[in-house]
Each structure stands twice: as C-alpha cells, then as structure tokens.
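Participant: sequence? don't have it. structure:
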C-alpha cells in the first residue's frame, strides 16, 4: 500500500455505530501480542513509513481490528486497536522505532507529555510533536464542526519524527462515532485539507474550516475579530440577520470511498466479497501443506490456523482495494460477542506463535517463514478468480459447529461441546487446529 502524499489526504468516510462493553482480558492479551507481531512484520517488510500510511487508511485500520477478534464493525475497534498497539509496542519501541502515545479520555490528555518524553529519548523535538498533537485535536474539535465530540486521541510517531494521528468523536444522541485520520507525510498546513481520512455517519451539513476552500472565510474571520472586536461582530450579525438569503449551492465535493458499518451485529453475505474469501480458503488448502508443514513446524498448527494466516497475510501484504470488506477479516478469529462466531482461542494462539517464529527468524536473517506467509497471500489473489467454496452461511455454520474444538470463547463464556454438555474451561495448546 502506497500513496500517503498530499494528493491522497482524505481517503474516505464510514458509519461507525457506538456499542457498549469492554474487551475481556483474555482477548485483550491476545490482541496485544498479535498487533505487536503484525506491526513488526510490516516494519520488517515495508518500513516504518508504510506502517504509518496503513494506520492512516480507514479501511485497512478497520480490517486490522477485525482480524484481531474485535467487533468487526463498531467504534470500539479504534479504542481497542490503539490500546493493544500501545501495550504491545512499548517494550519494542527502542528496537522498532515506533512509539504509541495517547488514548482515550485522560490518556488523550497525557499525549503532549508522552511525546515530550519520546523526544527526549530518541532525539526528536518533543515540543514540536506536542504542538502538532494539540493542533490536530483543535482542528477536529473546533475547525470541523460536525456534531461529534472528541474523546480519543492516539498519536503514533517514528524515530524519524513522522507520525499518524487517529482520533475519534462521538454523538451520544445519534449513537454514532466518527474517526479522523491524520498523516504527517505530505502535509503542509494544519488548516488546509490536512486529513488523511474522516470516518463517520453522514449527519447533514458540516462546517469544515480546515478545507482549503475555507481559506477566505478563515481570513475574513480574523479580520472581523481584529477590526470590530467581539462586540462589533455581534452588532454586524444582528444587522444582517433579517437580510439573510438562502446560501449559494456549495461546490460539489469529490466522491470518496464510504464504509457504511451497520448497527446489526451479525455478518451477512453482503458484507463479504466471497471470491476473496474463497481465494484465501483455496490458498490455505494448496499452499499450507507445502509451505507451513516444511518451514514453520509450529506444534499444533493445522488447516484451520493456516486459513487464519491467509487472512492475516492479506492484512500484511494486501493493496488498498482489498480492504473494501472489513467484515471478511473477522473470519480469521471471530469476535468477542460471538459474531461472526466465537473467538477460536487455540487457533488465535497458534497464529501468534507462527508469526512470532517467522519474525524472530527473519531478524536473524532466515526469511523463509515470512516469505511463506507472503506466498500465501499471493496465491490467494491468484486463486480467487477460479476458486469455489461454501456460501457464507454454510462457512459460519461449520465454524460454530467446531467452535468447541477450537477453544471457542466469547464474553458469554466458553463454547459448549456438541450435545449440550455445558461450558467448560478449555486447555490452550493440545491437539491441532
């Protein structure tokens, strides 16, 4: 994925429903480990700048959260993904050169201090980074008047001083959230079309003073304040109010990708591009036995884990057009609310172990394992034009039928064995998944 320059500042929008609840500890720990090792793999393969571009891409970000077993469509992905990365990358920051600051609520207010500390450690201008953080928050809270109140601010910066900001606002009345993506690459001004992307529900007319077409308006506002003062502005407004006419038709906005995430919890066939799913399943069946049995040799890894790895591989290597259906990536590790199916904890653990082995060996100069994962993604793209497979409903039914064997777990507990024997505590590593 490339193209984080000035010509691609705004990448799209999405509707994000607000759902309550917390990420359970057993899933949060896994998200932390998987998120960290996936970031390591991306930095190894493509570099730190490419990682920032991906985090600034709203479709990729949503897919990243879905493959980690979070709710596939809700606003909670933003909080959980940034939290997992902050926890998982903190011990690796010195080696990886990637630092995650900020978060939700009080953690967002601590961002400037955290950035100053990063600057002190790695030799960056921490004060300038802190100023950038404040300006980003100010633009999205004041200059873009869209009815959403900011409550989350995450700032990811590399050792080179380049950064991405992901922040989110909410409208409790509408039960909707809007996520904003900023990317420092190619940005020349904080108040002239700075966003890499804005995600959120369309709520009618938005006053966006950060648009370059608002430059004259920004300048006139400063002139009015300077020349008339606040009292004079109020008098002028009172004088012209009776004479107000309907506003002229605004300039037509360019058509942008729009990710519409529904309020319903279940994943339906319309949410998934089936040919891509069938390509991944076929690649796992054809490439898995040759590449993974011979190269990775991780105990317990079986066909089901290779299917998850095929979707993880696409998040690592896929191009932007392949993330138009984020729901598909929830088919790797399910979701905490049993949608599209309970989290297969044994499969999840084997996926993490496989990636950790691949990344560790790649750092030692043995890149065969990472190359095998890359081939898995390439084979999926080749096969999707001809591969056939089950419909989505049949695929999900099979996942749920086998959930107990995979260590299926959700916020409702462990999945019972077939025959209704009740929820049981599952061991984590026995057998092949």
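Facilitator: Cool, got the structure. Being a predicted model, the structure only gives us computed values, none of them experimental.
Participant: quick check: residue 380 is in a helix.
Facilitator: Yes: checked against DSSP: H, G, I helix; E, B strand; the rest coil, residue 380 lies within a helix.
Participant: go ahead and confirm it touches residue 278.
Facilitator: No: between residue 380 and residue 278 there is no contact under CB atoms under 8 Å: 9.2 Å. To be clear about C-beta, it is placed using only N, CA and C from the backbone, and glycine gets the same treatment.
Participant: the more surrounded of those two?
Facilitator: Neighbours per residue, other CB atoms under 10 Å: of residue 380 and residue 278, the larger number sits with residue 380, 28 against 20.
Participant: now this structure, which segments are flagged as low pLDDT?
Facilitator: 1-15, 140-146, 187-260, 289, 291-299, 420-431 (pLDDT under 70).
Participant: okay, now the domains of it?
Facilitator: Domain assignment for the chain, taken from automatic domain parsing, gives 6-207, 211-245, 269-414.
Participant: contacting residues for the residue nearest the centre of the chain?
Facilitator: For the chain, residue 61 is the residue whose C-alpha lies nearest the centre (CA atoms, centre = their mean; 2.1 Å). Residue 61 is in contact with 54-55, 77-78, 81, 166, 179, 181, counting by CB atoms under 8 Å, 6 or more residues apart in numbering.
Participant: among those residues, name the ones in strands.
Facilitator: Counted as lying in strands by DSSP state E, out of those, are 166, 179, 181.
Participant: ranges for the strands of the stretch 201-350 of the chain?
Facilitator: Under the criterion DSSP state E, counting those that start in this stretch, strands of the stretch 201-350 of the chain are mapped to 207-208, 258-260, 343-344.
Participant: what about the closest residue to residue 154 other than its chain neighbours, how many residues nearby?
Facilitator: Leaving aside its sequence neighbours, residue 154 sits nearest to residue 82 (CB to CB, 6 or more residues apart in numbering; 4.1 Å). Applying other CB under 10 Å, we find 28 residues neighbouring residue 82.
Participant: same thing with residue 414?
Facilitator: Neighbours of residue 414 (other CB under 10 Å): 18.
Participant: and which of the ones in strands among the contacts of residue 61 is nearest to residue 350?
Facilitator: Using CB to CB, the shortest approach to residue 350 within these belongs to residue 166, at 29.3 Å.
Participant: which residues of the stretch 1-150 of the chain fall in helices?
Facilitator: 25-46, 48-55, 58-67, 76-89, 93-96, 106-109, 111-122, 126-138 (DSSP state H, counting those that start in this stretch).
Participant: pick the most buried one from these.
Facilitator: Highest mean neighbour count of the helices of the stretch 1-150 of the chain: helix 58-67, a mean of 26 (counted as mean count of other CB atoms under 10 Å).
Participant: how far off centre is stretch 31-46?
Facilitator: Relative to its chain's centre, stretch 31-46 lies at 13 Å (CA atoms, centre = their mean, to the nearest Å).
Participant: let me fix that: stretch 52-69
Facilitator: How far stretch 52-69 lies from its chain's middle: 3 Å, per CA atoms, centre = their mean.
Participant: cool, stretch 40-52 as well?
Facilitator: For stretch 40-52, the distance to the chain centre is 15 Å (CA atoms, centre = their mean).
Participant: quick revisit: and the gap between the residue nearest to residue 154 and residue 268?
Facilitator: 28 Å (CB to CB, to the nearest Å).
Participant: ok, now residue 371?
Facilitator: 36 Å.
Participant: thinking again about what came up before, what's the closest of the domains of the chain to residue 262?
Facilitator: That would be, of these and by CB to CB, domain 6-207, which comes in at 6.6 Å.
Participant: before we move on, back to that, adding distance to residue 418, write the contacts of residue 61 out as JSON lines.
Facilitator: Below are the contacts of residue 61 laid out as JSON lines (distance: CB to CB, whole Å):
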{"residue": "54", "distance to residue 418": "40"}
{"residue": "55", "distance to residue 418": "41"}
{"residue": "77", "distance to residue 418": "32"}
{"residue": "78", "distance to residue 418": "37"}
{"residue": "81", "distance to residue 418": "34"}
{"residue": "166", "distance to residue 418": "42"}
{"residue": "179", "distance to residue 418": "40"}
{"residue": "181", "distance to residue 418": "44"}
